[in-house]
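A.B. asks: Whatever this is, show me its structure:
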Amino acid sequence: AELTAGYYNPSNRDGYSRVFEVLKKHTVTMKFVCPGSDVHFQENNESLADPEALCWQVLNAAWDCGLTVAGQNRDPCYDRAEHVRIVETSKPRNDPDRRNLSFFVYQRPSPFAQRTYCFSELDYF
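C.D. replies: Residues are numbered from 1 along each chain as shown. The predicted structure is shown next:
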C-alpha cells in the first residue's frame with residue numbers, strides 16, 4: 001500500500017488522485033492528520049522515505065481533485081517551531097493557488113500553544 005500511495009516513491013508516482021476523485025464524487029471532506037516532529041529518518045536513508053514530501057503530495061493531490069481538506073495535529077505541540085510548522089502546513093503563506101485547509105482541529109493544546117503569543121499565527125489562519 002505504501003508503494004502505491006507514495007511513501008516509497010522514487011519515481012514521484014501519484015497514487016492518490018484516483019482515490020480522491022471517488023471521494024470528490026461523494027462530497028467527502030478529507031481529514032488530514034499532520035505528522036508530529038518526531039518523524040525522523042537517518043541521513044543514509046536507503047528506503048528513500050520522505051514524510052514531509054509525502055504530506056505535500058497527499059495535500060496537493062487532494063486539492064488538485066477539488067477535494068475539501070481539513071486538518072488535525074497528531075500530537076500536542078510543545079514548541080514554537082512545531083506550532084509554526086502546523087500553521088504553515090494548514091495555510092501556506094506563499095502558495096500562489098491559495099490552497100489551504102478548510103478547518104483545523106487543534107487536538108490537546110499544550111500550555112505552550114495556549115499562550116497568547118501563539119495566537120498571532122492562528123489569527124493568520
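
A.B. asks: pLDDT weak spots in the protein?
C.D. replies: Within the chain, the ranges that satisfy pLDDT under 70 run 1-12, 35-49, 77-78, 108-125.

A.B. asks: what's the following helix or strand after the lengthiest helix in it?
C.D. replies: When the chain is parsed with DSSP state H, its longest helix is helix 51-64. Next in sequence after helix 51-64, counting helices and strands by DSSP states H and E, comes strand 68-73.

A.B. asks: Which secondary structure elements does that following strand sit against?
C.D. replies: In terms of contacts (3 or more Cβ pairs under 8 Å, 6 or more residues apart in numbering; DSSP states H and E), strand 68-73 is packed against strand 29-34, helix 51-64, helix 80-90, strand 104-105. C-betas here are computed from N, CA, C, even on glycine.

A.B. asks: Check which residues of that strand are buried.
C.D. replies: Using 16 or more other Cβ atoms under 10 Å as the test for burial, strand 68-73 gives V69, G71, Q72, N73.

A.B. asks: Adjacent strands (with direction) for it?
C.D. replies: The pairing partners recorded for strand 68-73 under DSSP bridges are strand 29-34 (parallel), strand 104-105 (parallel).
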